[in-house]
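Chemist: From the sequence below, what's the structure:
(one chain, ligands or ions: 1)
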Amino acid sequence: MTDRPAASDLIDPTLVLNCGSSSIKYALISADNRTRITGLAENLGLDTARIKHKNLEGETQEISIPGGQHQLALQKILGLLEQYRFVAVGHRVVHGGREFSAAERVTPHVLAEIKRLKILAPLHNPANALGVEAVEAIYPDMPQAVVFDTAFHQSMPPVAYRYPIPKALYDEHRIRRYGFHGTSHAYVSDRASTLTDKTGKHGWLTAHLGNGCSAAAVYDGESLDTSMGLTPLEGLMMGTRSGDVDPSLHIHLKRTLNMSLEEINDMLNNQSGLFGISGLSNDMRMIEQAAADGHSDAKLAIEMFCYHAGKYLAALSCALPTFTGIVFTGGIGENAADTRARILAVMRHFGIKVDNDKNDTLIRGAEGSFHNADSAIELWVIPTDEEYRIAQETRAALGIDTTDKA
Ligand code: AMP
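Modeler: Next up is the predicted model:
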């Protein structure tokens, strides 16, 4: 007897693609979500371009594609997967602007809109569009859908999404808060509502803490506010991103250090956050180790990270009509038990009671709650599964049967 999955377990799989500027992540997911094949094409365009493919048996295979770009990488990936007869392709697309509040079937109009919206996501949307076109070129009849990172947050009310700046900038130039990590916030809040014993409508604060970090207030399945804004720089302190700073920082740095806008943008996106404060790394594991060894800047980086996250979550609770609980996810949220406890300690006026023993067990992919019975709100760790959510939304957008086929 073996419980290894067989090719026949991959019933009507959906291929989920996340095409970045120099990488493509992929996952082939069976309709019942019990089986998946995953992989990554990286260093695209460089001599070191390669595909790391994990097959059904969990064995990793490396395929070198020197100089290979998206089209070649996708040709190879689709070649590796075509034996499994996938029924649809779903693409993660970063920015859907005001135009898209749900996943969409790919049409020439939708593709043109994704390209047009590059003004809001210059690095991401063009790469996402390339992925759609590459699949179309190889399989012209394959049904494809796009799932936007911003779509889940389109339910935010104007009071949350408008900036207090002149109206014309919104009316004529779409300057507003959009929010990101939408598929993750949607997945974990949905899952929390399934797992809780509480009945009625649920109000969750979801904390996606990874290299990028964002929090959202989700009530009855709808995002009411989130920490990221026009771009994924606003909000929480992150791995290399600053999160909120005084908007006058730009002019101050220009006047005093003669820094250009590009230099300031690079500094705030790539040299700040945990990395900027610790001076060591953007990797929380390394910073935790350094802090344990007495490195004072590493200690401050962790304290600031937790303080900013706790302060933001407390502020976002204002958006919720009722407050059921907090859900942690992302690499840090799913693994760093001490960081979770510190963030909750910042929220000291909320009647939160942490079960520390349970909290310590919720690492490495474990899912569960860690609040005491007398806690005012629930506390959950839910490993995010953006690929699964994209597969689900893709099937729904394409009208493919989503009932359990097991
Ligand atoms: P993500 O972007 O979701 O992959 O998350 C990446 C972040 O999660 C990095 O800062 C990692 O250091 C952090 N991370 C992953 N595993 C752990 C762990 N066991 N303890 C603390 N942080 C972790």
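Chemist: so what pLDDT did the residue nearest the centre of the chain get?
Modeler: Note on the chain: the residue nearest the mean C-alpha position is residue 181, at 3.6 Å, using CA atoms, centre = their mean. At residue 181, the model reports a pLDDT of 96.
Chemist: swap in the one 4 residues further on?
Modeler: With respect to pLDDT, residue 185 scores 98.
Chemist: What sits closest to it if chain neighbours are left out?
Modeler: residue 216 (4.2 Å; CB to CB, 6 or more residues apart in numbering). C-beta here means a position set from N, CA and C on the backbone, and glycine is covered the same way.
Chemist: Looks like that neighbour contacts residue 188 (just checking).
Modeler: No: using CB atoms under 8 Å, residue 216 is not in contact with residue 188, being 9.4 Å away.
Chemist: Who are the packing partners of the helix or strand residue 18 falls within?
Modeler: If you go by DSSP states H and E, residue 18 is part of strand 14-19. Strand 14-19 is packed against strand 24-29, helix 70-81, strand 88-93, helix 125-138, helix 386-398, with contacts defined by 3 or more CB pairs under 8 Å, 6 or more residues apart in numbering; DSSP states H and E.
Chemist: please redo it, this time with the cut-off set to 7 Å
Modeler: strand 24-29, strand 88-93, helix 125-138, helix 386-398 (3 or more CB pairs under 7 Å, 6 or more residues apart in numbering; DSSP states H and E).
Chemist: thinking again about what came up before, please enumerate the shared neighbours of residue 216 and residue 188.
Modeler: residue 206 (CB atoms under 7 Å, 6 or more residues apart in numbering).
Chemist: Check the secondary structure at the one residue in the stretch 51-200 of the chain that gets nearest to the ligand for me.
Modeler: Nearest residue of the stretch 51-200 of the chain to the ligand (CB to the nearest ligand atom) works out as residue 184 at 8.9 Å. Three-state assignment for residue 184 (DSSP: H, G, I helix; E, B strand; the rest coil): helix.
Chemist: wait, doesn't it sit right on residue 329?
Modeler: Yes: checked against CB atoms under 7 Å, the pair residue 184 and residue 329 is within contact range at 6.3 Å.
Chemist: of these two, who's got more company?
Modeler: residue 329 (28 against 25; other CB atoms under 10 Å).
Chemist: what pairs with the more buried one across the strands?
Modeler: In this entry, residue 329 is beta-bridged to residue 208, by DSSP bridges.
Chemist: Adding distance to the ligand, mean pLDDT and mean neighbour count, write the helices and strands packed on strand 14-19 out as TSV.
Modeler: Shown next, in TSV, are these (distance: least, CB to the nearest ligand atom, whole Å; pLDDT from 0 to 100; neighbours: other CB atoms under 10 Å):
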stretch	distance to the ligand	mean pLDDT	mean neighbour count
strand 24-29	11	96	23
strand 88-93	14	97	26
helix 125-138	18	94	20
helix 386-398	10	96	23
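Chemist: Save these as a markdown table, and put in distance to residue 147 too.
Modeler: Output for the helices and strands packed on strand 14-19, formatted as a markdown table (distance: least, CB to CB, whole Å):
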| stretch | distance to residue 147 |
| --- | --- |
| strand 24-29 | 13 |
| strand 88-93 | 6 |
| helix 125-138 | 10 |
| helix 386-398 | 5 |
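Chemist: Of those, give the one that comes closest to residue 210.
Modeler: Evaluated over these, closeness to residue 210 peaks at helix 386-398, with 10.7 Å, by CB to CB.
Chemist: Which elements pack onto the closest one?
Modeler: strand 14-19, strand 24-29, strand 88-93, strand 104-105, strand 144-148, helix 182-195.
Chemist: sorry, back to before: you'd agree the residue nearest to the centre of the chain is up against residue 215?
Modeler: No: at 9.2 Å, residue 181 does not count as touching residue 215 under the criterion of CB under 7 Å.
Chemist: What are the buried residues along the regular element (helix or strand) spanning residue 341?
Modeler: For residue 341, the host element (DSSP H and E) is helix 337-346. Within helix 337-346, the residues that count as buried by 16 or more other CB atoms under 10 Å are 337, 339-344, 346.
Chemist: Output those residues in TSV, with pLDDT and distance to the ligand appended to each entry.
Modeler: Compiled in TSV, the buried residues of helix 337-346 are given as follows (pLDDT from 0 to 100; distance: CB to the nearest ligand atom, whole Å):
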residue	pLDDT	distance to the ligand
337	98	8
339	98	7
340	98	10
341	98	13
342	98	12
343	98	13
344	98	16
346	98	18
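Chemist: could you pull out the strands for this structure?
Modeler: In the chain, the strands defined using DSSP state E lie at 14-19, 24-29, 36-42, 50-54, 60-64, 88-93, 104-105, 144-148, 203-209, 213-219, 222-226, 325-329, 368-369, 378-381.
Chemist: what does the first one rub up against?
Modeler: In other words, strand 14-19. 24-29, 70, 81, 86-92, 127-128, 130-131, 387, 390-391, 394-395.
Chemist: Next one: that strand, is it in contact with the ligand?
Modeler: No: judged by CB under 6 Å from any ligand atom, strand 14-19 stays clear of the ligand, getting no closer than 12.8 Å.
Chemist: Just the mean pLDDT for that strand, thanks.
Modeler: Mean predicted confidence for strand 14-19 is 96.
Chemist: Same question for the last one.
Modeler: Within the predicted structure, the mean pLDDT of strand 378-381 is 98.
Chemist: Who are the packing partners of that strand?
Modeler: Here strand 378-381 touches strand 325-329, strand 368-369, going by 3+ CB pairs under 7 Å, 6+ apart.
Chemist: next one: the fifth one
Modeler: Under the contact definition 3+ CB pairs under 7 Å, 6+ apart, strand 60-64 sits against strand 50-54.
Chemist: Could you check the angle the strand it packs on makes with helix 70-81?
Modeler: Using axes from the mean of the first three to the mean of the last three CA atoms, to 10 degrees, one finds that strand 50-54 and helix 70-81 are set 20 degrees apart in direction.
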